[in-house]
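In: Give the three-dimensional model of this entry:
(2 chains)
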Number of protein chains: 2
Amino acid sequence: MRQSQLFTKTRREAPSDETAKNAELLIRGGFIHKEMAGVYSYLPLGLRVMEKIENIIREEMNIIGGIEMKTSIFQNKEIWEKTNRWDDSIVDNWFKTKLKNGAEVGLSFTNEEAYSNILKQYINSYKDLPVYPYDFKEIFRNEARSKSGIMRGREFYWKALYSFSKDQEEHDIFYEKAKIAYQNIFERVGVGSSTYVTFSSGGTFSKFSHEFQTLTDAGEDTIYVDENKKIAINKEVFSDEIIESLGLNKKELVEKRAVEVGNIFTLGTKFSEPFNLKYKNEKGEEKMVFMGSYGIGLGRLMGTIVELLADDRGIVWPEAVAPFKYHLVEIPSVKPEVKETAEKIYKKLGENDVLYDDRDLRAGEKFADADLLGMPTQIIVSEKNIALGKLEIKNRLTGEVKMISEDEL
Amino acid sequence: MRQSQLFTKTRREAPSDETAKNAELLIRGGFIHKEMAGVYSYLPLGLRVMEKIENIIREEMNIIGGIEMKTSIFQNKEIWEKTNRWDDSIVDNWFKTKLKNGAEVGLSFTNEEAYSNILKQYINSYKDLPVYPYDFKEIFRNEARSKSGIMRGREFYWKALYSFSKDQEEHDIFYEKAKIAYQNIFERVGVGSSTYVTFSSGGTFSKFSHEFQTLTDAGEDTIYVDENKKIAINKEVFSDEIIESLGLNKKELVEKRAVEVGNIFTLGTKFSEPFNLKYKNEKGEEKMVFMGSYGIGLGRLMGTIVELLADDRGIVWPEAVAPFKYHLVEIPSVKPEVKETAEKIYKKLGENDVLYDDRDLRAGEKFADADLLGMPTQIIVSEKNIALGKLEIKNRLTGEVKMISEDEL
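Out: A predicted model of the protein is given here:
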């Protein structure tokens, strides 16, 4: 894409009420627009990042048998009354609104009820199981405060998969597959080496749930990390007994701040019971469906990538989620070869992979913009470089500069 | 995709409270799930249709210079007060909710305010214009009644593009391009021959707006159609004076029922004035930005396709929006060649283009399902056909049956 065609521009300052580093940088770069605390619009560059994250998650969910659908944002009170989660005294972060006739409607804050209710219509026999539906949708949570930028929104884009299995045994097999899929996702988006499978509080049906916690001071959680074994324990379940039961050594555990970028949870029959979600097994006996949930907040993940990798010059995107792989920076010149060379490279690498800074601005401004926007590879085309028969290639992460010929590119 | 892996099943009956043909058929086919009146979830087959429609619209918007972004659903009261559209006595179909501190938040029912507010930050000079941002998002309208299935939802998926131009002249050129893009869209999704550019009421800045009206008795609008010239006049502006000004002949106009599948509108400075959305021209003079809006409801369009093309056996999808191009129907047999042949064809045509009915059901049930689900081409693999060395190919729309060899396929 030509930068002259991108309507957003970089800004020196973020809004004064924005305190989170992720949102500050993303607003300054024109990736997002703050509508109010905890609510952001995604501008063209930001949407491109979100879509890349979304596609990576979708691929990994499909590999493990996920099937995509899209549930509504509006939630029917009747359905939530079945699990006793409609009442504001029980769930305190609902957003609700009203129809003209006064009937209350909820805004999705999670999907267990909607999924259980839909699957109830289609699951009758053991032949219908297992099934792994998922969706991407906007989720709304009425947070009292919202000061973490896109890492904790009142409105946020969320992937949720629910597993419906015949029994715990079948569930456990999928749960382990999902754990690997999640590790793949965090690896692919570029935060793998800082992300720990973290033992967290479970429920009636499992001792633990598993969180995926990425180390960053911007996180709200405290975890205890075993750096060699690549696992961690959330503070909320941290005890000598738990450490021992996991075969860990307290002396090797380090306290860290982290953000929960994903979580997987064994629900068991917690939701299938109130929905009477049963199936007939091979012997014709009625059994409860065994469920699990698997969530990832896409905005939170995008914010975490920014927090983790940004430096004092701006954002650093891993290639897999960067809006563009290359930032082609043409240094304006009276010599026509400069523009000609840049145009040639732009055509060669393609508008989908290149942000081409074709604007009539000074070199210093262009370099500052390229560093702030954070494409992984900068290609600098200038009069000086052309005289040498070379292009200047800068790695945004390492700062390493190489001079290469056009052919080598 | 293997039908045995699809968790949805067809149903003989739709819910008794569902009166719209589009929703009845889509629910029976397992494309959608009714959450409440005017609110539907999209199940895997339904989501596939929506995504195909979405991609067609996206392609056409990008061709005319559109740039995609994604604005939030939550709307800031302050922004809407600028245009005096916050008050429920002025806009009577708002859904609103409240933050913990009691502050009101709106749910998007349209995007003019959000876009004007965002673009205000980025437009300064004539060099920044024109710009054509758009998004796809869920929209919420508090309809008193909602009885048209997915053709008029309280929650619905909507594409909106807004044009920001230097002046009326630049605007008019884009407006005509958008009109053609819209005609391309309706042509490509398969309702082109029944869709009329319809003159409708304009505003301060143009005599008319243009609606795209598709003829169907399920529509809520009355239009007067000139079938030769392929244009129409909405009842709301129908008068001798208007007929004459458009060079039409009253005798050649036929009254029809239709549904508005899209509309384009010249906004002029209606929104740029309250937002003080100005730019400096070449002479350094301040001018108001000249705007236009271009909307399409994707659910409504999907519902219209169903209403228009369905027959008494079920849905008929045009190939461009069908969840799958082919419905491969294997008629269960003790002879292994039947399954082997079906599997071979499935691999050859690809899981993305084929819904493969590999279920152990009677032929009659399978044929009824294939007709209800409406893939454009059915490929029937049976013992009888294989004995003849042929495959049976049925065109869902025309009912035409051909016997062809595997090679011809």
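In: CA atoms for contacts and neighbours, from now on please.
Out: Will do.
In: those helices in chain A, which residues are they?
Out: Here chain A has its helices, by DSSP state H, at A:21-28, A:44-63, A:77-82, A:112-120, A:168-188, A:240-245, A:298-309, A:336-349, A:363-373, A:383-387.
In: Point out the one among the ones you listed that comes closest to chain B.
Out: Nearest to chain B, of all the helices of chain A, is helix A:44-63, at 4.6 Å by C-alpha to the nearest C-alpha.
In: any idea of the angle the closest one forms with helix A:298-309?
Out: For helix A:44-63 against helix A:298-309, the angle by axes from the mean of the first three to the mean of the last three C-alpha atoms, to 10 degrees is 110 degrees.
In: Packing partners of helix A:44-63?
Out: Counting by 3 or more C-alpha pairs under 8 Å, 6 or more residues apart in numbering or on different chains; DSSP states H and E, the packing neighbours recorded for helix A:44-63 are helix A:168-188, helix A:298-309, strand B:66-68.
In: Return the list of strands paired to the strand ranked longest in chain A, each annotated with direction.
Out: Secondary structure of chain A per DSSP state E: the longest strand is strand A:253-268. Note on strand A:253-268: by DSSP bridges, its sheet partners are strand A:206-215 (antiparallel), strand A:221-226 (antiparallel), strand A:290-297 (antiparallel).
In: So chain A: which segments form each domain?
Out: For chain A, automatic domain parsing gives the domain ranges A:3-309, A:326-404.
In: export the helices of chain A to a markdown table and tack on mean neighbour count, mean pLDDT and distance to residue A:200?
Out: Below are the helices of chain A laid out as a markdown table (neighbours: other C-alpha atoms under 10 Å in any protein chain shown; pLDDT from 0 to 100; distance: least, C-alpha to C-alpha, whole Å):
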| stretch | mean neighbour count | mean pLDDT | distance to residue A:200 |
| --- | --- | --- | --- |
| helix A:21-28 | 24 | 97 | 26 |
| helix A:44-63 | 18 | 98 | 22 |
| helix A:77-82 | 15 | 97 | 26 |
| helix A:112-120 | 20 | 98 | 20 |
| helix A:168-188 | 17 | 98 | 14 |
| helix A:240-245 | 12 | 94 | 10 |
| helix A:298-309 | 23 | 98 | 19 |
| helix A:336-349 | 16 | 96 | 45 |
| helix A:363-373 | 19 | 97 | 36 |
| helix A:383-387 | 15 | 93 | 55 |
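In: Quick check: which of the helices and strands packed on helix A:44-63 is nearest to residue A:45?
Out: For those, the distance to residue A:45 is smallest for strand B:66-68, at 9.2 Å, taking C-alpha to C-alpha.
In: Determine which of the domains of chain A approaches residue B:9 most closely.
Out: Closest approach to residue B:9 among these is made by domain A:3-309 (6.6 Å; C-alpha to C-alpha).
In: sorry, back to before: export the strands paired with strand A:253-268 as CSV, with columns for mean pLDDT and mean neighbour count.
Out: Formatted as CSV, those follow (pLDDT from 0 to 100; neighbours: other C-alpha atoms under 10 Å in any protein chain shown):
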stretch, mean pLDDT, mean neighbour count
strand A:206-215, 95, 22
strand A:221-226, 97, 22
strand A:290-297, 98, 23
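In: could I get those strands as CSV with distance to residue A:344?
Out: CSV is the format used below for the strands paired with strand A:253-268 (distance: least, C-alpha to C-alpha, whole Å):
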stretch, distance to residue A:344
strand A:206-215, 41
strand A:221-226, 49
strand A:290-297, 39
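In: of all those, which lies closest to residue B:163?
Out: If you check each of these against residue B:163 by C-alpha to C-alpha, strand A:290-297 wins as the nearest, at 31.8 Å.
In: Give me the contact list for the closest one.
Out: Under the contact criterion C-alpha atoms under 8 Å, 6 or more residues apart in numbering or on different chains, strand A:290-297 has outside partners A:112, A:156-168, A:171, A:175, A:178, A:261-269, A:271-272.
In: Who are the contact partners of the closest residue to residue A:324 other than its chain neighbours?
Out: Nearest non-adjacent residue to residue A:324, counting by C-alpha to C-alpha, 6 or more residues apart in numbering or on different chains: residue A:353, 4.8 Å away. The contact partners of residue A:353, by C-alpha under 8 Å, 6+ apart, come to A:1, A:323-326.
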